[in-house]
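Asks: Show me the folded form of this:
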Amino acid sequence: MAGQFVSEVNDATFEKEVLQSDQPVLVDFWAAWCGPCRALAPVVDEVATSYHGKLKVMKMDVDSNTATPMRYGIRGIPALLIFKGGKVADQIVGFVPKDTIDKSILKVLA
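Replies: Coordinates of the predicted model:
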């Protein structure tokens, strides 16, 4: 499902993989039944490839993991949250073009 630079994250590994990461992390909250999530997946893969080495890209299935999406108030998917230093630096909800995601990432990486 995920591209070569995209990893799966779950409730158990979220703290270590995302909040304690020394790099900014983009987390894609998605579900298998969600059409816009499937449409966004190749865009997320492209983002992961473009920013490899500068940004970690992870996916979290909201059906298998409920604690983390609840903690961050995820009500609509797809939702992309960008974490920096263990805090949410930016968030994007819904299907958006890659340049919208790029703008958010560049703000966080600046």
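Asks: Check the secondary structure at the residue nearest to the spatial centre of the chain for me.
Replies: Note on the chain: the residue nearest the mean C-alpha position is residue 27, at 1.8 Å, using Cα atoms, centre = their mean. Three-state assignment for residue 27 (DSSP: H, G, I helix; E, B strand; the rest coil): strand.
Asks: ok, it - contacts?
Replies: Going by Cβ atoms under 8 Å, 6 or more residues apart in numbering, residue 27 touches 9, 18, 58-60, 80-83. Backbone N, C-alpha and C define where each C-beta goes, glycine included.
Asks: mind redoing it with 7 Å?
Replies: 9, 18, 58, 60, 81, 83 (Cβ atoms under 7 Å, 6 or more residues apart in numbering).
Asks: I figured the fourth one hits residue 68, correct?
Replies: In other words, residue 60. Yes: applying Cβ atoms under 7 Å, one finds residue 60 in contact with residue 68, separated by 6.2 Å.
Asks: Who has more neighbours out of those two?
Replies: Taking other Cβ atoms under 10 Å, residue 60 and residue 68 do not tie; residue 60 has more neighbours (26 against 21).
Asks: Find the helix or strand that the more buried one is a member of.
Replies: strand 56-61 (DSSP states H and E).
Asks: Quickly run through the sheet partners of that strand, with directions.
Replies: Strand 56-61 has these partner strands in its sheet, going by DSSP bridges: strand 6-8 (parallel), strand 25-30 (parallel).
Asks: neighbouring contacts of it?
Replies: 2, 5-10, 17-18, 21, 23, 25-31, 44, 47-48, 68.
Asks: returning to what we had before: residue 98 is nearest to which of the strands paired with strand 56-61?
Replies: Nearest to residue 98 among the strands paired with strand 56-61 is strand 25-30 (12.2 Å), distances taken as Cβ to Cβ.
Asks: Output the closest one as PDB, nothing but the C-alphas.
Replies: Output in PDB follows, covering the C-alpha atoms of strand 25-30 (Å, rounded to 0.1, in the frame of the first residue of the first chain):
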ATOM      1  CA  VAL A  25       7.100  13.800  10.400                       C
ATOM      2  CA  LEU A  26       4.100  13.900   8.100                       C
ATOM      3  CA  VAL A  27       1.400  11.500   9.200                       C
ATOM      4  CA  ASP A  28      -1.300  10.500   6.700                       C
ATOM      5  CA  PHE A  29      -4.400   9.300   8.600                       C
ATOM      6  CA  TRP A  30      -6.400   7.100   6.200                       C
END
